[in-house]
Structure formats: C-alpha cells, structure tokens
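**Student:** with the sequence up front, the predicted model follows.
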Amino acid sequence: MCGIAGLIHRHGKTGDIGTEMTAMLQSLKHRGPDSTGYALYGKPLKGNELMLRFKVAEQDEMLKGFKIHDQVKERRNEVDKRIKELGGRILETTDATEYAFRYRIDYAGDRRKLADFIEDVEGAEILSMGHGLELVKDLGDAARVAEQYHLKGFTGTHALGHTRMATESDVDIRSAHPYWAYPFADVSVVHNGQLTNYWNGRRALERRGHRFMSNCDSELIAVYLADKMQQGAELKDAMTDSIDELDGVFTYLVATSDSLGMAKDVMAAKPMVLYESEKFICLASEEVAIRSVFPHEIDTFDPYEGEVRVWKSA
Amino acid sequence: MALRTKSQDMGMHTEQLSGRTQQRFFTPAEEQNFTYPEAFDVDFNKRAELDCGPLAPRDVNLKIRDLMSKGYGTIVLKNPGAKHSLAVGILNKLNLHIEGSLGYFGCGLIDGPNIRIKGRVGWSCAENMLAGTIVIEKNAGSTFGAALRGGDLVCMGDVGARMGIDMKGGTIIVGGRCGAFCGFMMQRGRMVVLGDAGKNLGDSMYDGTIYVGGKIDGLGVDAVPGEMTDLDVSWLSRKLKMYGLEAPKGVKNMQKIVAGKQLWNYDNLEPTEKKLIL
Amino acid sequence: MARERKKVPAAAPAKKPSSRNKSLLGKSFIFPPTVIDDIHIKSELGRYRMRGFSLFKKIPTWDDLTFLPGTLTRFVIEGYREKCLTQTVIGPKAKRPLVLDIPIYITGMSFGALSFEAKIALARGATMAGTATCSGEGGMIPDERRYSSKWFYQCIQSRYGFNPHHLRLADACEFFIGQGCKVGLGGHLMGQKVTDQVAEMRSLPAGIDQRSPARHPDWLGPDDLALKIQEIREATNGEIPIQLKLGAARVYDDVRMAAKTGPDSIYIDGMEGGTGAGPHIATEETGVPGIAAIRQARKALDDVGMTGQISLVYAGGIRNGADVAKAIALGADAVAIGHSALMALNCNKDIPEADFEKEIGVEAGYCYHCHTGRCPVGVATQDPVLRKRLDPDEAAERVYNFLHCLAIECQMMARACGKTNVHSLEPEDLAALTMEASALAMVPLAGSQHTVGRPDMTRY
C-alpha cells in the first residue's frame, strides 16, 4: 500500500530528477510513511562500466548491533574482494551512508554471477546494478532520504519513486521499493497494491533459478518481468502478460535504461494520475504529487483498467 | 422505570472514588443529545476569495465554515493544488467556485451547495453527497460520486472506474467516457454517460437507471438493457440542456440499462417457507 | 423454587437385558447426523445456508484461561468495597475523546437486524450504565441518538443511510472494515426483515435479500483510508475519535497498518463474534479467536509505538465479567458486547408470550434464527406483533443490570489481582489451562513457566 511516482524527460533531454522526484514523493508521504525509494536514471556509463549500489546492513542493525561497525567494514572488504576475484575493477567508491555504498566498477562478466557472489556475503544486498540506474532506498520520508543520500541535483532522464506502507512484510530496507529486476541491468519496478498469488508465483520463479531477497510481494513483479525479458519478450508484452498472470490489485511503474512504463490491473483499484505532454511525462498515485512539479493549470487524467503504456526517453 | 441506583440496591458506597458503575438518572424526554449541527444562513451576494496555496486542508475547511458563519454565500477557492478533502461537509446552500484541481474526497459529505470546479477532481469526489450541484470542467478520477444520495454531479470530461458505486439517488452526468465497474451495486438514481462505458457496467445493480450514449464494453451481472421511453427522452434532453451538454448520437439513440432484479432474492425460485427453516 | 427430590430406590431393580443396539459398529465424527442433514438440505437448495448467532464449533476461548490472583505475594484489594477504577477513554489523542464509565460498551447492531424496541432498550440501558452504543449499519434512528449519551456512528461499506448531519451528532465515528464472525464479507439482511421502513432508510427496494458490499465504495486500500479518515475529520471539525473495526484475521499486519492510517482507536472483532445473518460456512470458517487476536493487536500497537495513543477495543464472545477482565489483561482497553447484550434483552429466553418450538422449531436456548426475522422475543425482528413482546422499559433495565454486573465482575477479578484500576491488568496475571490456549494467548501453562511455542515466558 503505497504511493508511487514516475517521470521522464523526452527527446533525450535531462533534468534535475533528484529534486523533482523528492518533491513528488514528499507530497505522497501520507500514503507510505515507512520507507522511501528512488530509481534514478543518470547519464549512461560507457563500455563495461557498471554503477553498483549495495548495502551491507539494515538501519535497525546499525542501531542495535554491538560490533556492527566492524562487521560493516569486514563485509565491505569481503565484497571488494569478491568483485576483484571475478575480474572486476573498482573505479570509484562513494559512501552513501555508513552501511550503503555506491561503486563504479568495470566488469565484463556474467552479471548474475557477480550479484549472487556479492549477496552471498552476510547482510549484503545489491540494490541496483546498471549503466545508468542508481537505486536508493531507506527508511523515513523523502526529505530525509534525499538529504542522507545527497540526491538534490541528480541529473538524469527519468526516475521512479516510491513511498511505502508495509502490508504483510517487514519495515526494512530489504522490503522497500523500488526493486531492481535481478539480474537485468537498469530495470527497476515500483508497485502499489498487493499480489495475492505471490507465494505460488515466487516458488515457480525460484524453481527457474531466480532469487528473492525479501518477502515483499512487489519483488515478484520485478523478477517476473526480468524472467519474461530473459526469454526474449519486449517490455510492453511482458507487462501485458503480467496483467493476466498476476492476481490481486496493482498499479506498477517500470523503468529501463531508456523507457518508462506503467500497467494497471483489471480491477482498477489502485490509483494513478497521468500528465502527458510533448516534453515531459509525469505519473503519480495522486495529482498532488504532479502539482508539486507543475503548480500551474494542466490537464491530467486517470489511465483505465488493464492499461499498459510505455514511453521512451529518446 | 426505577430511578434508584443499582449500587444503592446492593448496599454499596456510591462515591465517585469507588469507581463502581453508577446508574445515571435518566428521563426519556431528555433531548440534549439531539440537536442538529448549525446550517449557516448565507447571502449569495456576499463574496469572498480564499487562496488555498499556503493553507492546509483543515485550515481551508475551517476558513470556509468561518466565512459561511459570517454570511458569505459566494466563495472562490484559488490555487487548490489538488489538495485532499477540500470543501468537505458543507451542510447549507453556498456558491463555491474552485479555480483548480482537487485531490481525493473533494466536496465529500455535502448537502446543498452549488459548486463549480475549473480543474480535475481526484478519487471519490462528492462522496455521499445529499443535495446540491457540482460541475467539473475537466476529468474526474475513480469512484466518482460513490454512495451519492442526491443532487446533480456533472463531469464534462472523462471519468475513471467505479463511478456511482453504491449510488443511492441523485444524478451523475458524464460528458466523456467512463471506466469499468460503473454503477456497481447501484440502488437508485440515474447515471448518464455520453461517451463510451467500460466493462461490467451496472454490475449487481439493485435499481436505478443508466443511460449510455456511446459503446458499452460489457454489462455486469444482473444489468439488462431497458427500453427508452418518451419520459426518459424528455428527462434526458432537459437535464443535458441544463448543463450545456449534448448526446453525440442524439438523446433518442442512447442505450438504457436497468436492473434485471434477479439478485433481489437469493432463492426466489423456491417457496418462502424454506427460508424459515434455514 | 424447591425441587422435588427423587426417591432413592431401596434395592437395585432386577437386571434388564441391555437396550443398546449392538449391531451399531460405531458413529462417524466426520459425518455426524447434523452434517448429513446439512448435505441433504444444501443439495436441495443449491446454495449456502444462512443463519444468525455466532460460532458453533469449539475453539480455544476465555474458558481456557485462568487468573492468578494475589495471595501472599500480592496485596489484594478488598473485593467489594475498595476503589477500583473502571473509567475508560477511547481515542485519548482526539480533541473530544470518548470517556466511558465502564470498559464495556454495546457494539454496532443495525436497526433492521434489530427491532426499534431493541435498539432503544440498548441505548437506554447503556446510557444508564454510563457507556456507549453504536448505530450499526442502516443509518441513525433519531430515538436511539436521543436515548444515548455516548454514541458511535458507523460508517459501513454499504453506506446505507449514511448522512453527514448524523455524523455531526456522533460522539465517535466507527469505520466498519470487517466483522470477526465473517471476516472479508459484507453484511446480510434477509428479505423478511427488509420492511418498507428499513428499505427506505437504506434506499433499497423493500423485501430484497440485502447483501452489503465487502469493500468501502470510496476507498480501496489503506493508503486511501488514511485520506478517508482525514475527510471524516474535516467533516467533523477534527473533534471526535475515529475508530476502525477490523475482523480478526492477519491481525498483526492489519493492526500495524491500521495504526499508520491515523485512527484514534482500533476495534478487533474475534471469530467468536456474532451476526444477525450470515452464511453458516463463513461464520464457522473465518477469523482468529479473541485470545490470540488481542495479543497480536497489542503487539502491533506496541511495535509501531502507538500504545497509549490509539485505543484497542475487543469484541467477540464476551459473556461475563471474567471474560472482560481477561480481554483487558491480554491487552484490550475496552470491550464491546453484542450478543450477550441481546441475551440481556431476552434473546433465547422462554418468555410466556413466545412458543419457540412452534414458531421457530427449536427450544429456547438453541435459537439461532435471527436471519428469519421471526424472533420470538421481539429482538431481531421487524414484525409489529413480535415486537410487542419486548417491553423497552424493562429491557433497558435488564441491559443496565447486565452491564453493571459485567463491570463489577471485572472489578472483582482486578481487585483479586491487586489492582486499583481495571486497566492495570496484564497478561502476566493469567495462566492457560490448555496447550492451545497457552500458544494462542501466549501466557504460560498453569503451574509452569512454560509458554507453548515461546522459549521464555517473560519475553514476547
């Protein structure tokens, strides 16, 4: 149960998506006070360079653990070691917080192998991996997360955002959105609603070799779409299939390196307001979020049930 | 009715400190609990403007109530900024102009005012409205006019899903199209859609009438086509003229949907005695 | 009334040959005669069977818990005299909290399901006891409001008769989201009870089988609910407490989430709760018992840091003051009663005017036919002849007596445990008599330190 938002600058333009998304998410705070997440698509990296965001501990652990600071250090060293072991080169590191890090690496090998190997370290979870995608999520509201991770002034083409109110899973970073569509680079998903065939769907995907990091139903959408695309489906087709195959009520947004898509289930139970113009597409659970970016009078409307739409940035 | 306290009957102390339950002396004629909230007497010629930009919804609503208590009968809300729960709970006549868009539950729980909204409205606009008129110049979100009980609710643009759900009276008029599940469990009243209607139109409707000008994606359970009568045509033409709307293919060619009434009783195919032994 | 004593026979009578039917091999516990009859009836009807009343099957309940009162380790409070406060506040953070004299109030039961006389008698009885009643589905009857000094107005999924004018008269507003008896389903009112008056109040055609929706029309998820609560606050100037009534199912998650939508009070309805009409199968097979639900709900409120800011009300299967005390000990702030209040009115009582066997087909004490609208004691009916059997004056007195009795019984338990305020009761004042109850209520088995399923009783 959440607030979701997405925006995309079209025709290859860029904007200060960090500030824009923070304004949108802050106005959706009442829909989800537990955690806030961003999927930001910055300027794509060149060649085999990958932007890697990962965390090695939960906020809760940082408060309660006795030796957690040493453990964080150990875990991080282990991650560094494992990246190197697989032939990766760490080009640049930033400490986003004391438990979450941002690495720019040069890596040409199998991304799934790298992800699995890193996540094998205790407490480690890859939040995102991609050429342009940077995924930031933490407990608290948008203002706090944006401040903590210095998101103001982040320039890019498109972004997703999410404010979360936990339903049946825990309040922690692991269960916070957006979800990275492991092991696909640059695919992320935010979701509002709940899936009622989650466990069956998860078991089926697990049998196919996918991994789930949380018990949050929304993670299924990301993995589901990744699985479809792995089999060669186009993003839009995969999304259309999801409307039939996922049970429950949902409205979700998905982003890839160059496009933004939305899908709404046939029950039309979860809100979405859409503003569409030549230069800019803006979607959110509530119009008030769009108004935080566009204070002047604009035309907005609700997409209908079972609708799937995809916009390209270029 | 005995007016002795039960505690006295039982030979107990009855000081407040004892914390025992004490029988309240109570006369059935007591009416102190039963006074309706005040309806303000307003003058349409007294006009006020309110800039909602810097105000929280609570302050806007309190301000409207304050203005009404001072007799202002025409209020203009500027910069509503799609805030939620604006203009809620107005229980008297009032001319309200909203120069922008509303969020969720705009103009909910009202009885009497005439409202004109220049922008779009979010979900559940005019929820449980008893009387009055609301005209929205742009689009509307889902669950438009949920549990509407009276008055006219008009949207010039398109409306989302679940319009007029649990509708108990009044009229909803939509200039454009509407989404799925409109008129779900509709009980009374009339719904007019000049454009296309989504699927499951009028699902499980108990009663009431739906008129559709465009294409219907599918009827819900127990919603059946009805026959347009002269009365329907004259009512529709009059009502649409009031709001300056026109049916695209003419009022006469609109489709009418009514309840099939098959769901009125679980077991209308069996003798009523059977119910009693269950 | 002295009973005639049976004469003891002087000598054992001559041994008769056994009358047992020895050709019986045994009897089935899976298919007893009631189940066989049920299959026969359903195969004729082609639909589920409706009934009133509450759960029929055996579940772990209040009876499986016992109090551990003070003896030497604790200073007991004089059972019948010394101070033991019962005042209860619902929605302590609201601008105008609802203050009840006793921790028990009468839950929402609709006019329609109950007769006018029954609603009035409940309102008067509750007012005499200094506590509240609730409107239930189907709108306000003016007289009920007139007779209630504290009154909940229910905002139910169907919104039958919901009226902002009446909302402004309320002392508290309750959002009905689920019912313990049939969690996840809407209300039912069979055609026999949908008289012209009831139908008009609900804007329905008279005589239909009314099945209310299971979801609210204007909000479809808890994120929208937060906004809906805000709307009701706007409409009532933010004065009255807002309560969410949830059926006990995924209690921990539901309550945690409900608390985040910003209510003043959360009401949990256990699976023992009753109904005026519902599918038998839903009544039996949905929900979680109260002893488990209260613990879970309290833990959820503790975990989100809302204990003391959001009240917790429990309802379902409360029969006496000990049940009230146990519910409070497990974590409830107040208790609501429905079914037992109806019994105080006369439900299932063999009054002279009624002939249960003839009118309903079962003896008094076994009646569960609220849904038929043929209530022989005039409580759950709209029939003018049957309604005359309930005298609202006397019935109000009985309701007051019963509420008072629940309160003093609850005080008795609290005092025995050494409390000068009933709200000081805690789970540690209880012990479980069965393994099931220990696991569900998370209290240790009597005479042991062992809580089933918990490594350490002191840690929850």
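**Tutor:** Arrived safely, thanks for sending. Keep in mind the model is a prediction, meaning the values are calculated, not measured. Numbering: from 1, shown residues only, chains lettered A, B, ... in the order given.

**Student:** which ones are touching B:Met228?
**Tutor:** Shown in contact with B:Met228 (C-beta atoms under 8 Å, 6 or more residues apart in numbering or on different chains): B:Lys252, B:Met254, B:Gln255, B:Lys256. In short, each C-beta sits where N, CA and C put it, glycine included.

**Student:** the third one: neighbouring residues, count only.
**Tutor:** The reference is to B:Gln255. The number of residues packed near B:Gln255 is 18, by other C-beta atoms under 10 Å in any protein chain shown.

**Student:** how many other residues sit next to the residue nearest to it when sequence neighbours are not counted?
**Tutor:** With C-beta to C-beta, 6 or more residues apart in numbering or on different chains as the criterion, B:Gln255 has its nearest non-adjacent residue at 4.8 Å, and that residue is B:Val212. Neighbourhood size, B:Val212 [other C-beta under 10 Å]: 25.

**Student:** for stretch A:237-246, what is the average pLDDT?
**Tutor:** Mean per-residue pLDDT for stretch A:237-246: 93.

**Student:** distance check, the residue nearest to B:Tyr36 when sequence neighbours are not counted against B:Asn92.
**Tutor:** Spatial nearest neighbour of B:Tyr36, excluding adjacent residues (C-beta to C-beta, 6+ apart): C:His165 at 5.7 Å. Taking C-beta to C-beta, to the nearest Å as the measure, C:His165 falls 11 Å from B:Asn92.

**Student:** likewise A:Ser218?
**Tutor:** From A:Ser218 to B:Asn92 the distance is 46 Å (C-beta to C-beta).

**Student:** could you check which of those two is surrounded by more residues?
**Tutor:** The neighbour comparison of A:Ser218 against B:Asn92 (other C-beta under 10 Å) goes to A:Ser218, with 28 against 17.

**Student:** I'd say the more buried one and A:Val189 touch.
**Tutor:** Yes - counting by C-beta atoms under 8 Å, A:Ser218 does reach A:Val189; the two are 6.9 Å apart.

**Student:** hey, what's in contact with both of these two?
**Tutor:** When C-beta under 8 Å, 6+ apart defines a contact, the residues bordering A:Ser218 and A:Val189 alike are A:His177, A:Tyr179, A:Tyr252.

**Student:** so A:Gly109 touches A:Leu86, yeah?
**Tutor:** Yes - using C-beta under 8 Å, A:Gly109 makes contact with A:Leu86 at a distance of 5.8 Å.

**Student:** any stretches of the chain with poor pLDDT?
**Tutor:** Using chain A here. Chain A contains no residues with pLDDT under 70.

**Student:** can you look at chain B instead?
**Tutor:** Across chain B (using pLDDT under 70), the flagged ranges come out as B:1-34, B:266-278.

**Student:** where does it get nearest to chain C, residue-wise?
**Tutor:** Taking C-beta to the nearest C-beta as the measure, the point where chain B comes nearest chain C is B:Gly89, at 3.2 Å.

**Student:** what's the neighbour count on that residue?
**Tutor:** Neighbour tally, B:Gly89, other C-beta under 10 Å: 25.

**Student:** so is it in a helix, a strand, or just coil?
**Tutor:** The three-state assignment at B:Gly89 reads coil, by DSSP: H, G, I helix; E, B strand; the rest coil.

**Student:** show only the entries of the shared contacts of A:Ser218 and A:Val189 found in strands.
**Tutor:** Within those, residues falling in strands by DSSP state E are A:Tyr179, A:Tyr252.

**Student:** how about the helices in the stretch 51-200 of chain B?
**Tutor:** Along the stretch 51-200 of chain B, the segments classed as helices by DSSP state H, counting those that start in this stretch run B:57-69.

**Student:** how about the residues of it near chain A?
**Tutor:** Residues of the stretch 51-200 of chain B found near chain A (C-beta under 8 Å from any C-beta of the partner chain) are B:79, B:81-84, B:100-101, B:103-104, B:118-120, B:122-123, B:138-139, B:141-142, B:157-158, B:160-162, B:179-181, B:198-199.

**Student:** among these, which are in reach of chain C?
**Tutor:** Counting by C-beta under 8 Å from any C-beta, the members of those near chain C are B:His84, B:Gly103, B:Tyr104, B:Trp123, B:Arg162.

**Student:** mind putting the residues you listed into a markdown table with distance to C:Phe31 and neighbour count?
**Tutor:** Conversion of those to a markdown table gives the following (distance: C-beta to C-beta, whole Å; neighbours: other C-beta atoms under 10 Å in any protein chain shown):
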| residue | distance to C:Phe31 | neighbour count |
| --- | --- | --- |
| B:His84 | 55 | 25 |
| B:Gly103 | 57 | 28 |
| B:Tyr104 | 52 | 32 |
| B:Trp123 | 50 | 31 |
| B:Arg162 | 44 | 32 |
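
**Student:** these in strands, which ones?
**Tutor:** Among those, no residue falls in strands (DSSP E).

**Student:** please report phi then psi for the residue most central in space within chain C.
**Tutor:** The residue lying closest to the centre of chain C (C-alpha atoms, centre = their mean) is C:Gly316, at 3.4 Å. For C:Gly316, the backbone dihedrals (degrees, to the nearest 10) come out as phi 130, psi 110.

**Student:** correct me, but it touches C:Met271?
**Tutor:** Yes - judged on C-beta under 8 Å, C:Gly316 makes contact with C:Met271 at a distance of 6.7 Å.

**Student:** what do these two both touch?
**Tutor:** Contacts common to C:Gly316 and C:Met271, judged by C-beta under 8 Å, 6+ apart, are C:Gly180, C:Cys181, C:Ala248, C:Gly290.

**Student:** measure how buried the third one is and give me the count.
**Tutor:** Meaning C:Ala248. C:Ala248 - counted by other C-beta under 10 Å - has 30 other residues nearby.

**Student:** pretty sure it sits against C:Gly270.
**Tutor:** Yes - C:Ala248 lies in contact with C:Gly270 (C-beta under 8 Å); the separation is 4.9 Å.

**Student:** now list whatever residues contact both of those two.
**Tutor:** In contact with both C:Ala248 and C:Gly270: C:Gly180, C:Gly287, C:Val288, C:Pro289, C:Gly290, C:Ala293, C:Gly316, using C-beta under 8 Å, 6+ apart.

**Student:** look up how far C:Arg256 lies from the residue of the stretch 1-150 of chain A found nearest chain C.
**Tutor:** As assessed by C-beta to the nearest C-beta, chain C sits closest to A:Arg31 within the stretch 1-150 of chain A, at 4.1 Å. Distance, A:Arg31 to C:Arg256, by C-beta to C-beta: 16 Å.
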